[in-house]
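**Q** Sequence first, predicted coordinates after that:
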Number of protein chains: 2
Amino acid sequence: MLRLHTGRGTIGLACELALAEAGADYEAHRLNFAENEQRGAAYLAVNPKSRVPALETERGVITEAPAILGYIARTFPQARLMPEGDAFAMAQAESLMSYLCSWVHPAAAHRYRGYRWADDPAAIADMRRKAPEVFGEAMRLIDERLFAAPWALGEAFSVCDPYLYVITSWLPRDGLDMAAFPRLADHFARMGERPATRAVLVAVEAG
Amino acid sequence: MLRLHTGRGTIGLACELALAEAGADYEAHRLNFAENEQRGAAYLAVNPKSRVPALETERGVITEAPAILGYIARTFPQARLMPEGDAFAMAQAESLMSYLCSWVHPAAAHRYRGYRWADDPAAIADMRRKAPEVFGEAMRLIDERLFAAPWALGEAFSVCDPYLYVITSWLPRDGLDMAAFPRLADHFARMGERPATRAVLVAVEAG
């Protein structure tokens, strides 16, 4: 059985939502960050990067959200979670996921994890202050230019949708008004109504 | 014809190397960063993110290195630049590319582009100081754990190889001794001997 290593408040939620959308039989291991479980020997044997998510498969572990999402789409083709067979459409999907993982997610992370890139407390505080501005600017570009309604890629739902949904959920946490991103707010509301989303959120809440 | 928008010293080089490895007929547009061409209206119409690389195709523009590399592999299948048909191997390829774009490349970028995430000059200086340590730690993990010799994914050459090659080339620029990363140094040397690499480096030098 697939085993997803994830943690509350992380992008692991996007992978869990994709597993649920695919109808996959999976088990979730929810790491205890308060006890630094991600830095313990048991978890480092799963993922030496000490990060979540990680997906254990019968052939080995997969790390990095875009790779896990791509794997889910490929191994559950009947769920049609990626535009396989259309090279340009696949590139648009991978472009959005790359933008989220390489720019948008790190932009938000500078609010909480500035210690990754600086040591001086004043530097970390300056990153914390600026992060919502950088994150908001990237989300505005997605809202205005990169988002193809009704779903992230257009008519077809894809693994990009849970990915975008989770990152959109971070807007209010960072003091950004979701109403300023009308297409993302609408997408967020529609994602929240999906049976897979409701089921996963209940499971996460139950721990 | 494919048109690659790229710039000296950027990850655009990885995409140009992949195009050459694929035997693609392409044209390179080398942006003039000294004159801020990436912020000009003409380029913003190509890529509103104001970044390189971007690949113009007959169906539209593709941005983000992993998406461009995936597109090249899919549209030139005879070059066998991705392990298509093997979901786990594809996930390993996408995992490495995601790690490079989401963590390794930004880690290095904090040395030169700290202004993206902070405003205070002292904060930017602290990031600049710390960046080679963070970048080096990530490259050590690749060297010791994530790299499957002789090529990034093992026996088969892939688009991951030019991607890794370009990022490895940044080690000495950031004061890191390539000899401390023996498997990456060996990979870098073998990449440099490939006809595609030699041809592209000559074209880049010629501007």
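**A** Good, I have the coordinates. Numbering: from 1, shown residues only, chains lettered A, B, ... in the order given.

**Q** Run through the helices of chain A in chain order.
**A** Counting by DSSP state H, chain A has helices at residues A:12-22, A:41-46, A:65-75, A:87-99, A:105-109, A:121-141, A:160-168, A:170-173, A:182-192, A:195-206.

**Q** Just the buried positions in the third one, please.
**A** If you call a residue buried by 16 or more other CB atoms under 10 Å in any protein chain shown, then helix A:65-75 has these buried ones: A:Ala65, A:Pro66, A:Ala67, A:Ile68, A:Leu69, A:Gly70, A:Tyr71, A:Ile72, A:Ala73, A:Arg74. Where you see a C-beta, it was placed from the backbone N, CA and C, and this is true even at glycine.

**Q** so what secondary structure elements neighbour that helix?
**A** Packing partners of helix A:65-75 (3 or more CB pairs under 8 Å, 6 or more residues apart in numbering or on different chains; DSSP states H and E): helix A:12-22, strand A:54-57, helix A:87-99, helix A:160-168, helix B:87-99.

**Q** Contacts for the fourth one, please.
**A** Just to be clear, that refers to helix A:160-168. A:11, A:13-15, A:17-18, A:21, A:65-66, A:69, A:93, A:96-97, A:100, A:104-105, A:108, A:139, A:142, A:147, A:151-153, A:178, A:181, A:184-185, A:187-188, A:191-192, A:197 (CB atoms under 8 Å, 6 or more residues apart in numbering or on different chains).

**Q** can you list the domains in chain A?
**A** Domain ranges of chain A: A:2-80+A:196-206, A:87-194, per automatic domain parsing.

**Q** need those in TSV with mean pLDDT, can you?
**A** Shown next, in TSV, are these (pLDDT from 0 to 100):
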stretch	mean pLDDT
domain A:2-80+A:196-206	97
domain A:87-194	98
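
**Q** Out of the ones you listed, which is closest to B:His29?
**A** domain A:87-194 (18.5 Å; CB to CB).

**Q** end-to-end on the closest one?
**A** 28 Å (CA to CA, to the nearest Å).

**Q** next one: stretch A:191-198
**A** Start-to-end, stretch A:191-198 (CA to CA) is 9 Å.

**Q** confidence score at the spatially closest residue to A:Asp25 that is not a sequence neighbour?
**A** Excluding the flanking residues, the one nearest A:Asp25 by CB to CB, 6 or more residues apart in numbering or on different chains is A:Met1, at 5.7 Å. pLDDT recorded at A:Met1 is 91.

**Q** need the contact list for A:Met1.
**A** A:Asp25, A:Tyr26, A:Glu27.

**Q** Show me what counts as buried in stretch A:77-93.
**A** A:Ala79, A:Leu81, A:Met82, A:Pro83, A:Ala87, A:Phe88, A:Ala89, A:Met90, A:Ala91, A:Gln92, A:Ala93.

**Q** With distance to A:Arg173 as new columns, can those residues be given to me in JSON lines?
**A** Putting the buried residues of stretch A:77-93 into JSON lines (distance: CB to CB, whole Å) gives the following:
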{"residue": "A:Ala79", "distance to A:Arg173": "29"}
{"residue": "A:Leu81", "distance to A:Arg173": "26"}
{"residue": "A:Met82", "distance to A:Arg173": "28"}
{"residue": "A:Pro83", "distance to A:Arg173": "31"}
{"residue": "A:Ala87", "distance to A:Arg173": "36"}
{"residue": "A:Phe88", "distance to A:Arg173": "35"}
{"residue": "A:Ala89", "distance to A:Arg173": "32"}
{"residue": "A:Met90", "distance to A:Arg173": "31"}
{"residue": "A:Ala91", "distance to A:Arg173": "31"}
{"residue": "A:Gln92", "distance to A:Arg173": "28"}
{"residue": "A:Ala93", "distance to A:Arg173": "26"}
